[in-house]
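Visitor: predicted coordinates and the sequence they were generated for:
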Amino acid sequence: MATSGFSSRADAAKTLRGVEKALYELVGDKGKVRSREAEKILGLSEEEIKRAFSVLRHMELLRAAKNPSGGVDLIPF
């Protein structure tokens, strides 16, 4: 588990702010969220979701999985 120098995922999650925190909490609450659904719920652009997801993926807090319809689901690591 890399979590970018943090001793645990919980420690890494405590440092989140703004868009990253909102996206992380949304996925945590729902278990999985489609990328497009996250855009609508959070009122963010595709680019903003991608940027936030990139940070969360690097911290090993979220990962992506293709869904049967060809979209992307964001899920906890």
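Guide: Looks like it arrived, so ask away.
Visitor: please count neighbours and contacts with C-alpha atoms only from this point.
Guide: OK.
Visitor: give the rounded mean pLDDT of the helix or strand that contains residue 75.
Guide: Secondary structure assignment for residue 75, by DSSP states H and E: strand 72-76. Average pLDDT, strand 72-76: 95.
Visitor: give the contact list for residue 53.
Guide: Neighbouring residues of residue 53 by C-alpha atoms under 8 Å, 6 or more residues apart in numbering: 20, 23, 62.
Visitor: how about residue 68, secondary structure?
Guide: coil (DSSP: H, G, I helix; E, B strand; the rest coil).
Visitor: next, residue 64: secondary structure please.
Guide: Relying on three-state DSSP, one would call residue 64 strand.
Visitor: for residue 46, give me its contacts.
Guide: Residue 46 neighbours (C-alpha under 8 Å, 6+ apart): 36, 39.
Visitor: please tell me how far it sits from residue 22.
Guide: 15 Å (C-alpha to C-alpha, to the nearest Å).
Visitor: equivalent analysis for residue 72, please.
Guide: 18 Å.
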